[in-house]
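In: sequence plus predicted model, see below.
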Amino acid sequence: MTDSTRQRQADVIVVGAGPAGASTSYWLAQSGLDVLLLEKATFPRDKICGDGLTPRAVRALIAMGVDVNAPGWARNQGLRIYGGGVKVELPWPELASFPDYGLVRTRMDFDQLLAEHAAKAGARLLQGCNVTGPILDERTDRITGVTAKYQGEEVEFHAPLVVAADGGSTRLSLAMGLRRRDDRPLGVAVRRYFETPRHDDDYMEAWLELWDGQRLLPGYGWVFPVGDGTSNVGLGLLNTSKAFQNVDYRGMLKGWCANMPEEWRFDEDHATGPIRGAALPMGFNRQPHYTRGMLLVGDAGGMINPFNGEGIDYALESGRLAAEIMVQALARRTPAQRERTLYEYPRILKDEHGGYFTLARVFVQAIGDPRIMKFLTAHGLPHPTLMRFTLKLLANLTDRRGGDSMDRVINAMQKVAPAA
């Protein structure tokens, strides 16, 4: 075997070096496995995102050993919500299971930082490596590697297990025959950066009333302080409204910004770049999460929370879980034992998040009706206790053991809901 052939073999191939791929690779490398992390872009590269990290994502970063006290992280203490003429400030809850602060960091260097963190742990990161398709074993129909364009060549990489961490479009999953489920919500996010005096606010902001002319739409606007002189300002909308197909998202964001106070400077003169948008695959909209030697993590498996549009925390968590399962599977002696272990991955994912995502799906279906959205905004926001409960529910922040009465209610709701 030549050196170049050996370099193209690994225990696991991870396709995509976003948060899900970086997390998977980090935990695999930490366990001593040889992992190839293939990224089609070259860092630094941008992604469309609000850049806001709730305490759930912060917990996952801390577990990976990421130094969240280093320069470049903007820390915040909660969420400020506007709606129905009311403003409510909700600090992140005090919990044993999660830190009591959130973070903001732009994806321009967040993803690079995580990918390099995985590389320091031992993952082999190849940038500018565009995966073009799976390599299948003709006899078993299992994936045994991938083809890619790398350094001007068509090359093959081989491994007994492959991870699709290639985002919502997940070409690898499509090539393996996995289609998107139409019975799951889909979101759209548009955002823009502005130079603004609000760049160092202690709170992330959510604005609950998004109007398109006379129509109230399901979703929210956000202002997330980046701490570097800019804020990330954007809108997230759900496809549960009849008006979804006919919305001019970029025009809506411009109109929304134009109605903000002039001193916040959300205008053309202070924009640092164009408006950019992306689709948000939600609620496990691509399944199964394991099939024929391939595991799906993060957006590739539709692991965005329909309640709040957050995906980075579930990307990081699914990467860790997938890595733990693969470490165990590769230590098994027979193919049958390996398969039995790998099939635990989708089962544990559903146990962990399936009921919660089902609750979220019911909720977002309901707020697709503007009358319900209007009622919830008008009657929910003036009640601080109800809003504290809502924050815990929407951000999926509860103590599973020994929590307060709110935690127990939310945990019970998740248990009785059928898995997504």
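Out: Received the coordinates, thanks.
In: can you give me the helices for the stretch 201-350 of the chain?
Out: Secondary structure of the stretch 201-350 of the chain, counting by DSSP state H, counting those that start in this stretch: helices at 249-258, 312-330, 335-342, 344-349.
In: who touches residue 11 in this structure?
Out: 28, 33-35, 159-161, 330 (Cβ atoms under 8 Å, 6 or more residues apart in numbering). The C-beta positions use only the backbone N, C-alpha and C, and glycine is treated the same way.
In: give me the most central residue, the chain.
Out: Centroid check for the chain by Cα atoms, centre = their mean gives residue 311 as the closest residue, at 1.7 Å.
In: report the contact partners of the spatially closest residue to that one that is not a sequence neighbour.
Out: In space, and not counting its chain neighbours, residue 311 is closest to residue 304: 3.9 Å by Cβ to Cβ, 6 or more residues apart in numbering. Residue 304 makes contacts with 187, 280-283, 310-311, 314, as judged by Cβ under 8 Å, 6+ apart.
In: among these, which ones are buried?
Out: Among these, those scoring as buried are 187, 280-283, 310-311, 314 (criterion: 16 or more other Cβ atoms under 10 Å).
In: quick one: neighbours of the residue nearest to residue 257 when sequence neighbours are not counted, just the number.
Out: Distances taken as Cβ to Cβ, 6+ apart place residue 266 nearest to residue 257, at 3.9 Å, with adjacent residues excluded. For residue 266, the count of nearby residues is 23 (other Cβ atoms under 10 Å).
In: over to residue 350?
Out: Residue 350: 18 surrounding residues under other Cβ under 10 Å.
In: the stretch 151-300 of the chain: strands as residue ranges?
Out: Counting by DSSP state E, counting those that start in this stretch, the stretch 151-300 of the chain has strands at residues 153-158, 161-164, 186-195, 203-207, 210-212, 215-217, 219-225, 230-238, 276-281, 290-291, 294-296.
In: so which of these is nearest residue 70?
Out: Closest approach to residue 70 among the strands of the stretch 151-300 of the chain (Cβ to Cβ): strand 219-225, 17.7 Å.
In: how big is the angle separating the closest one from strand 203-207?
Out: Calculated by axes from the mean of the first three to the mean of the last three Cα atoms, to 10 degrees, strand 219-225 forms an angle of 160 degrees with strand 203-207.
In: from the chain's centroid, how far away is strand 219-225?
Out: From the chain centre to the centre of strand 219-225 is a distance of 16 Å (Cα atoms, centre = their mean, to the nearest Å).
In: sorry, back to before: so which of the strands of the stretch 151-300 of the chain is nearest residue 93?
Out: Closest of those to residue 93 is strand 203-207, at 14.4 Å (criterion: Cβ to Cβ).
In: still on that earlier bit, how close does the residue nearest to residue 257 get to residue 118?
Out: According to Cβ to Cβ, to the nearest Å, residue 266 and residue 118 sit 36 Å apart.
In: which strands border whichever helix or strand residue 81 is part of, and is each parallel or antiparallel?
Out: Following DSSP states H and E, one finds residue 81 within strand 78-83. Strand 78-83 pairs in its sheet with strand 86-91 (antiparallel), strand 203-207 (parallel), by DSSP bridges.
In: show me where the stretch 1-150 of the chain has helices.
Out: For the stretch 1-150 of the chain, the helices defined by DSSP H, counting those that start in this stretch cover 3-7, 19-30, 55-63, 107-121.
In: of those helices, which is nearest residue 131?
Out: For those, proximity to residue 131 was assessed by Cβ to Cβ; helix 19-30 is nearest, at 11.2 Å.
In: which strands and helices sit next to that closest one?
Out: Applying 3 or more Cβ pairs under 8 Å, 6 or more residues apart in numbering; DSSP states H and E, one finds that helix 19-30 makes contact with strand 12-15, strand 35-39, helix 107-121, helix 312-330.
In: tell me the most buried of those?
Out: strand 12-15 (a mean of 30; mean count of other Cβ atoms under 10 Å).
In: that one pairs with which strands?
Out: Under the criterion DSSP bridges, strand 12-15 sits next to strand 35-39 (parallel), strand 161-164 (parallel) in its sheet.
In: quick one: residue 173 from residue 139, how far?
Out: Using Cβ to Cβ, residue 173 is found at 22 Å from residue 139.
In: the two: which is more packed in?
Out: residue 173 (23 against 6).
In: got a list of what the more buried one touches?
Out: Residues in contact with residue 173 (Cβ under 8 Å, 6+ apart) are 164, 166, 286, 294, 296, 300.
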